[in-house]
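In: sharing a sequence plus its predicted fold:
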Amino acid sequence: RHLYLRPPMLGRLLPLSRASRVLSVSVAARAMSVGIRVDHAKECLAKADAVCFDVDSTVIKEEGIDEFAAYLGVGEEVAALTAAAMGGDTPFHVALENRLKVMQPTKQKLDTMLAENPAEGLLTPGISELISELQAGGKVVYLVSGGFRQMIEPIAEVVHVKKTDIYANIFMFH
């Protein structure tokens with residue numbers, strides 16, 4: 001029993017407690033045009049053993065790869081490729097490869113960007129409280145992303161998610 005929350009747009013309230021009311025969450029049903037079923041989402045959360053959160057535009061406010069690309073000076077070009085991938089126009093692996101070719105990331109540039117942009121400032125308001133509430137209720141929280149582990153680990157540390165509970169791509173620098 002796992003619940004995967006990846007709201008396409010943060011919108012409807014999914015109140016679990018007073019602390020988590022600050023985070024607005026819509027369920028994946030919105031993306032499938034079947035409507036919002038908040039009561040059903042609450043029921044699923046109550047029964048779930050684990051909750052998987054998408055990181056980009058959910059746990060954090062932005063798309064991490066787009067932010068890194070902007071830092072590298074190729075933000076607009078990479079954002080267009082990201083939009084095409086998210087819209088289904090380009091297979092994920094092809095879009096990722098294309099974005100990385102444009103970005104030409106290095107470990108040094110990534111480390112510098114991460115140092116200049118602390119994870120605390122990237123979080124969606126209320127996400128720390130929501131994750132804490134879920135963990136206090138015995139739920140295992142996973143961070144799942146098409147982004148990169150090196151960019152997600154600092155976020156996981158801030159929201160107290162174990163590194164073993166992150167599923168993401170890994171930059172391989174040569």
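Out: Sure, I can see it. For clarity, every value in this text was computed on a predicted model and none was experimentally measured.

In: Leu96: neighbour count?
Out: 19 (other Cβ atoms under 10 Å). To be clear about C-beta, it is placed using only N, CA and C from the backbone, and glycine gets the same treatment.

In: and it, helix, strand or coil?
Out: On the three-state scheme (DSSP: H, G, I helix; E, B strand; the rest coil), Leu96 is labelled helix.

In: that one and Phe148 touch, don't they?
Out: No. Taking contacts as Cβ atoms under 8 Å, Leu96 lies outside contact range of Phe148: 9.7 Å.

In: where do the contact lists of those two overlap?
Out: Asn169 (Cβ atoms under 8 Å, 6 or more residues apart in numbering).

In: can you give me the helices for this protein?
Out: 38-47, 64-71, 75-86, 92-103, 107-116, 127-136, 149-159 (DSSP state H).

In: what pLDDT is listed against Val25?
Out: We have a pLDDT of 37 for Val25.

In: ok so, going back, just the helices of the chain: most buried one?
Out: For the helices of the chain, average neighbour numbers computed from mean count of other Cβ atoms under 10 Å are highest in helix 64-71, which has a mean of 22.

In: pull out the buried residues from the longest strand that the chain contains.
Out: Looking across the chain with DSSP state E, the single longest strand is strand 140-148. Under the neighbour-count criterion of 16 or more other Cβ atoms under 10 Å, strand 140-148 has Val141, Tyr142, Leu143, Val144, Ser145, Gly146, Gly147, Phe148 buried.

In: how about the helices of the chain in TSV, adding distance to Asp54 and mean pLDDT?
Out: Below are those laid out as TSV (distance: least, Cβ to Cβ, whole Å; pLDDT from 0 to 100):
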stretch	distance to Asp54	mean pLDDT
helix 38-47	15	83
helix 64-71	11	94
helix 75-86	11	86
helix 92-103	13	92
helix 107-116	20	97
helix 127-136	12	95
helix 149-159	11	98
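
In: run through the residues that contact the spatially most central residue of the chain.
Out: In the chain, the centroid-proximal residue (Cα atoms, centre = their mean) is Val55; its distance is 1.0 Å. Residues counted as contacts of Val55 (Cβ under 8 Å, 6+ apart) are Gly64, Leu143, Val144, Ser145, Gly147, Ile152, Ile155, Ala168.

In: contacts only, for the closest residue to the second one other than its chain neighbours.
Out: Nearest in space to Leu143, with sequence neighbours left out and distances taken as Cβ to Cβ, 6 or more residues apart in numbering, is Ile166 at 4.9 Å. Contacts were defined as Cβ under 8 Å, 6+ apart; by that measure Ile166 touches Tyr142, Leu143, Ser145, Arg149, Ile152, Glu153, Ala156.
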